[in-house]
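Colleague: Attaching a predicted model along with its sequence, questions to come.
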2 protein chains.
Amino acid sequence: MQLTEEQLQEQIGKLEGWKLERDRLVRKYMFSEYMKGIAFVDEVATISEAFDHHPHITIDYKTVVLRLAADVEKLDLRQAHEFNEAFEKTR
Amino acid sequence: MQLTEEQLQEQIGKLEGWKLERDRLVRKYMFSEYMKGIAFVDEVATISEAFDHHPHITIDYKTVVLRLAADVEKLDLRQAHEFNEAFEKTR
C-alpha cells in the first residue's frame, strides 16, 4: 500500500537512522569490526529472502549501507525495522 | 610493488572478468540465486581479512560487484585471483 507523504514522514521519524534519499529509504550502519558488518549482511540477506524484497547493499570496510526501493511502502518500513533489530544484535 | 602500465595490462588480461575502471580493478559476478551471492560475499570477506585488504562490495539482488583500490599492485591481482576461485566454488 502506497503511503501519503505525511504518513511516510511520520513513519520514517520512528525509524532510527533511516532517511529518504531521492525517494529511496537509506541507512548507513557502522561496525567496530569488519566481520561484524559481514555477519549483519548475512542477517539482512535472511530477512530479505523472507520478505522476498532485497535492498541494495554496499560494504565499504566497516560501513554497510542499505537502500530500499523507490516508492516506499509499509512493507519497506517493516523491513527497515527488522534490519535495525538485526543491527542491534550483531554490532 | 607498483606495476608499469604494460605489466598491469598483461596481468589483467589473465584475470577473468576483471577490468580497470578509473584506475580501480572491478569485476561483476552474477549468481543463479541470491543466497549464493551472499555465500560468495562471505568468502570474499574471509579472503579480505587474510589479505588485510578489503574491496568495496555492492550487492544488487543476484549481482555482486567488487572494486579494488586505486593504484593496482601485485597484491590486488593475487587477491582478484582468489576472489575468482571463490566464485567458481560458490556460484
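Modeller: Sure, I can see it.

Colleague: my read: A:Tyr61 touches B:His53, true?
Modeller: No: counting by C-beta atoms under 8 Å, A:Tyr61 sits too far from B:His53 to count as a contact (10.2 Å). All C-beta atoms are positioned from the backbone trio N, CA, C, and that covers glycine.

Colleague: my read: A:Leu68 touches A:Arg78, true?
Modeller: No: if you go by C-beta under 8 Å, A:Leu68 and A:Arg78 don't touch, sitting 10.8 Å apart.

Colleague: Show me which of these two is the more surrounded one.
Modeller: A:Leu68 (22 against 12; other C-beta atoms under 10 Å in any protein chain shown).

Colleague: What pLDDT does the model give the more buried one?
Modeller: Listed pLDDT for A:Leu68 reads 93.

Colleague: Identify the residues contacting it.
Modeller: Listed by C-beta atoms under 8 Å, 6 or more residues apart in numbering or on different chains, the contact partners of A:Leu68 are A:Arg24, A:Leu25, A:Val26, A:His53, A:Pro55, A:Asp76, A:Gln79, A:Ala80.

Colleague: what two of those are the furthest from one another?
Modeller: Pairwise distances across the contacts of A:Leu68 (C-beta to C-beta) peak at 15.3 Å, for the pair A:Val26 and A:His53.
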